[in-house]
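[1] Curious how this folds, go ahead:
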Amino acid sequence: MNASAWRDPSVLVAHTAMAEQLLPHLEPLVTARRAAFLDDLPRSELAEVEVLVGHHFPERSLARLPGLRWLHLTGTGTDHLAAAGLAPGTLVTNSARVPVEPVAEYALSALLMLLKEFPTLTARPQRRAWHTSTATLLSGSTVLVVGAGRIGRAVIRKATALGARCIAVNRTGEREVPGADRTVGAGRLAEVATSADHLVCCLPATAGTRRLVDGKVLAALRPGAALVNVGRAATVDGDALRRALETGALRGALLDVHDIEPLPADDPRWHTPGLVVSPHCAFAFPGEPAAVARVFHDNLTDLRVGRTPRDTVPVDLRPG
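    Coordinates of the predicted model:
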């Protein structure tokens with residue numbers, strides 16, 4: 001597709017929470033824009049959509065857009081797009097650079113909260129003997145950062161600034177991660193977990209990362225370890241985590257991601273000892289819509305001058 005084809009595309013913003021905030025920031029570069037759920041539009045209007053901006057799409061919903069040429073994701077994950085019916089060859093970009101600092105800050109805040117006993121201090125009733133605490137230090141500890149992409153590297157920068165040592169885990173371990181004491185491949189995760197006081201998971205959901213943090217890894221962590229997951233829910237074995245918390249093998253855990261969202265009121269995770277349920281909000285900050293719009297603008301500018309969009313991501317559309 002030549003650059004001139006992107007001068008005035010038909011753009012649909014379909015985002016339950018961000019659409020109205022996002023639209024004003026898109027106006028300088030696009031003229032055709034609407035905010036709607038896909039189900040709100042008749043087939044004739046859906047057929048006109050060339051560019052879609054959104055986050056998560058129900059099963060087969062994207063198959064209703066026969067003219068779609070470009071999908072820009074306001075978030076990062078692409079693992080749902082095959083089921084959503086995305087056509088092969090569709091350009092996909094994401095906003096992965098937007099949540100890096102917010103999520104890294106959230107992850108580090110969560111880790112500090114667990115180490116300083118905030119969940120039990122703020123519980124009701126909270127009376128306990130004065131001057132009693134089992135709080136521990138982040139400084140001097142070793143944090144295992146599983147998933148050393150943009151967010152994982154930001155976690156490492158922040159944790160080391162507070163005096164922690166970090167072990168970075170990436171796919172192969174062949175490329176050293178700046179700031180980490182050492183870098184290892186995912187195949188050595190259980191081995192290096194024996195050297196870790198705490199674990200922060202920042203993994204994407206892929207066939208290779210499903211339940212990568214399993215019972216063997218959790219059992220290998222040092223006694224009193226805390227776990228934080230700001231990656232994808234499927235990357236941590238939920239049953240193994242629950243057992244580790246119930247037996248006291250782990251100090252505590254915070255999950256910002258869940259296999260079912262919102263988490264049902266009767267889900268046992270609400271009552272798992274030591275588990276803090278966070279409502280998938282690590283990415284949030286006031287400037288998020290404007291930042292997402294800037295990423296969209298960058299990629300549209302690339303298209304208009306004939307460059308490959310800088311935030312293009314590969315998508316696996318194989319079933320399952």
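[2] Look up how far residue 317 lies from residue 89.
    Relative to residue 317, residue 89 is positioned 10 Å away (C-beta to C-beta, to the nearest Å). Where C-beta positions appear, they are placed from N, C-alpha and C, glycine not excepted.
[3] so the residue nearest in space to the middle of the chain is in which element?
    Central residue of the chain (C-alpha atoms, centre = their mean): residue 231, 4.3 Å from the mean position. Using DSSP states H and E, no element contains residue 231; it sits outside every helix and strand.
[4] Return the residues in contact with it.
    146-147, 151, 201-205, 257 (C-beta atoms under 8 Å, 6 or more residues apart in numbering).
[5] one step back: and residue 89 and residue 317? which has more neighbours close in?
    More neighbours surround residue 317 than the other of residue 89 and residue 317, with 17 against 7 (other C-beta atoms under 10 Å).
[6] Now do the SS call for the residue nearest to that one when sequence neighbours are not counted.
    Excluding the flanking residues, the one nearest residue 317 by C-beta to C-beta, 6 or more residues apart in numbering is residue 82, at 4.5 Å. With DSSP: H, G, I helix; E, B strand; the rest coil as the basis, residue 82 sits in helix.
[7] can you count the residues close to residue 82?
    17.
[8] how close does it sit to residue 312?
    Applying C-beta to C-beta to residue 82 and residue 312 gives a distance of 17 Å.
[9] that older thread, excluding sequence neighbours, find me the nearest residue to the residue nearest to the centre of the chain.
    Spatial nearest neighbour of residue 231, chain neighbours left out: residue 203 (4.0 Å); criterion: C-beta to C-beta, 6+ apart.
[10] Could I get the buried residue list for stretch 181-193?
    183-184, 186, 189-190, 192-193 (16 or more other C-beta atoms under 10 Å).
[11] now swap in stretch 229-244 and tell me
    Quick answer for stretch 229-244 (16+ other C-beta under 10 Å): 229-238, 240-244.
[12] Which member of those residues is positioned nearest residue 162?
    residue 230 (17.3 Å; C-beta to C-beta).
[13] The closest one touches residue 200, doesn't it?
    Yes - taking C-beta atoms under 8 Å as the definition, residue 230 is a contact partner of residue 200 at 7.3 Å.
[14] shared neighbours, those two?
    Common neighbours of residue 230 and residue 200 (C-beta under 8 Å, 6+ apart) are residue 107.
[15] Can you tell me how far the nearest residue to residue 260 once chain neighbours are set aside is from residue 294?
    Spatial nearest neighbour of residue 260, chain neighbours left out: residue 267 (7.3 Å); criterion: C-beta to C-beta, 6+ apart. Distance, residue 267 to residue 294, by C-beta to C-beta: 37 Å.
[16] Quick one, which of the contacts of residue 231 are buried?
    146-147, 151, 201-205, 257.
[17] Let me have those residues in JSON lines, extended by secondary structure and distance to residue 134.
    Formatted as JSON lines, the buried ones among the contacts of residue 231 follow (DSSP: H, G, I helix; E, B strand; the rest coil; distance: C-beta to C-beta, whole Å):
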{"residue": "146", "secondary structure": "strand", "distance to residue 134": "25"}
{"residue": "147", "secondary structure": "coil", "distance to residue 134": "28"}
{"residue": "151", "secondary structure": "helix", "distance to residue 134": "29"}
{"residue": "201", "secondary structure": "strand", "distance to residue 134": "23"}
{"residue": "202", "secondary structure": "coil", "distance to residue 134": "27"}
{"residue": "203", "secondary structure": "coil", "distance to residue 134": "29"}
{"residue": "204", "secondary structure": "coil", "distance to residue 134": "34"}
{"residue": "205", "secondary structure": "coil", "distance to residue 134": "34"}
{"residue": "257", "secondary structure": "coil", "distance to residue 134": "27"}
